[in-house]
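Enquirer: need a 3D model of the sequence below.
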Amino acid sequence: MVQATVALRVDVDTRRGLEVGVPRLLDLFHRTGLTASFFVTMGPDRSGAAIRRAWRPSFLLKMLRTNPFRLYGLRTMLSGTLLRATLVGAGRPELLREIAAEGHEVAPHGYDHVGWQDNVERLGAARITDDLAAAARAFGVALGRAPEASAAPGWRTTAEALVLQEERGYRYASDVRGSRPFRPLVEDQALKTLQIPTTMPTMDELLGRTRHPVRILEASLRPGLNVFTLHAEVEGGPLLEPFRSFLEGIRRAGVRVVRLGEAAESALADACLPAAPVARGRVAGRSGWIAVQGAPARMV
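Expert: Alright, predicted model coming up:
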C-alpha cells in the first residue's frame, strides 16, 4: 500500500497572521522538526473590506460559524476601512527572512488578497499582471531573490490569470482545490506551471460543522500526496492546539510531512502528469466559488 504524505501549506493573509501566528507556528515546527511552505500576502491588509461579501448568505453563515473576532481580532476586521491598511509581507520583511532561515519555503500569496479574491474574475489582464508583478517585486526586495512559486488568494483564479502567471516562470503554483498534481489546460493547451492543489478540508471550513475537526482531517487522508492548507491566523491562533494534535496524530501513524516544493519535485519527476481544465466549484464550509481541478483530459 502506498504510504500517505502530507504537504503543509501555510497561508498568511493578514498582518496579525504574520506578526502573531507565524512566530507561534515557527516555534511548533521547530519543536517537532517539521518544515512547511509559507505563502505570504505581500501587500496591504484590507481585511475589513471583506464586509462587502456580507450580502452572500453563505458568507454570513460562515461568520456565525467561525466567530471571526476570535480568529482575526478587531484590528484585522477593521483593517482597510476604519483603520489604515498596513502592509503584510512587504511591511515586515525580516519575518519573511526568519521563516526562510528556519528552513521553510516562502512564496507570495498575491499582493492585494481581498482585491484579488473578490474581483479576479472581473480584472483585466493589466490589473492581473500588476498584482502578480507587485507581489514578486515585494518578495524580491524582502528576500533578495525571485519567487519560485505562488498561491492564489482564496483559491480563486481564472484561465486568463493562469496564462499570465505562466509568464513568470514559476516552478509550481498552488491555486486550486483538487486531487493530485496536474498541468492546467487552457484552450486545450497544457501550461508548463505545475499545479499542486489543496486536497484536504481546512480547519476553518470545519469550524462549527463538527465537534471533532481533527478526526475529520485524519479520516480525509489517503495513500499518496495530501495537501493541507492552514492559516497563520487560525492554526497559529485559537486553533494552535488542535493543529498540534493533528500533527502528532499523523506522525504517530507514520505519515511523512513535506513542503510543497518537495511534492512538486516528485511530481515533476513523473514521466506522465495529468492535464486538466480548471473550473469553478464549491467546497462545504467556504463562502462563494473557488477554482477546482477538472476531470483529467489527457496525460502529458
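Enquirer: host element of Asp131?
Expert: Using DSSP states H and E, Asp131 maps to helix 125-143.
Enquirer: which strands and helices sit next to the helix or strand following that helix?
Expert: Heading C-terminal from helix 125-143, the first helix or strand you meet, by DSSP H and E, is strand 149-150. Under the contact definition 3 or more Cβ pairs under 8 Å, 6 or more residues apart in numbering; DSSP states H and E, strand 149-150 sits against strand 37-40, strand 105-108, strand 172-173, helix 260-268. C-beta: built from backbone N, CA, C; applies to glycine.
Enquirer: so which of the ones you listed is nearest Gly144?
Expert: Nearest of the helices and strands packed on strand 149-150 to Gly144, taken as Cβ to Cβ: strand 105-108 at 11.7 Å.
Enquirer: the helix or strand just after the closest one: how far from the chain's middle?
Expert: Counting by DSSP H and E, the next helix or strand C-terminal to strand 105-108 is helix 113-119. Relative to the chain's own centre, helix 113-119 is displaced by 14 Å; criterion: Cα atoms, centre = their mean, to the nearest Å.
Enquirer: which parts of helix 113-119 are buried?
Expert: For helix 113-119, a neighbour-count test (16 or more other Cβ atoms under 10 Å) marks 113-118 as buried.
Enquirer: rounded mean pLDDT for that helix, please.
Expert: The average of the pLDDT scores along helix 113-119 is 95.
Enquirer: one more: stretch 212-229?
Expert: On average, stretch 212-229 scores 96.
Enquirer: just stretch 184-191 next, same as before
Expert: Computed over stretch 184-191, the average pLDDT equals 95.
Enquirer: which residues touch it?
Expert: 159, 162-163, 166, 183, 193, 195, 275-278, 294, 297, 300 (Cβ atoms under 8 Å, 6 or more residues apart in numbering).
Enquirer: mind checking the end-to-end distance for that stretch?
Expert: End-to-end span of stretch 184-191 (Cα to Cα, to the nearest Å): 6 Å.
Enquirer: wait, isn't Ile290 in contact with Arg156?
Expert: Yes: look at Ile290 against Arg156 with Cβ atoms under 8 Å: they come within range, at 6.3 Å.
Enquirer: which ones are touching the closest residue to Val88 other than its chain neighbours?
Expert: In space, and not counting its chain neighbours, Val88 is closest to Thr41: 4.4 Å by Cβ to Cβ, 6 or more residues apart in numbering. Applying Cβ under 8 Å, 6+ apart to Thr41 gives the contacts 12-14, 88-89, 108-113, 153.
Enquirer: equivalent analysis for Gly80, please.
Expert: When contacts are counted by Cβ under 8 Å, 6+ apart, Gly80 is found next to 44-49, 114.
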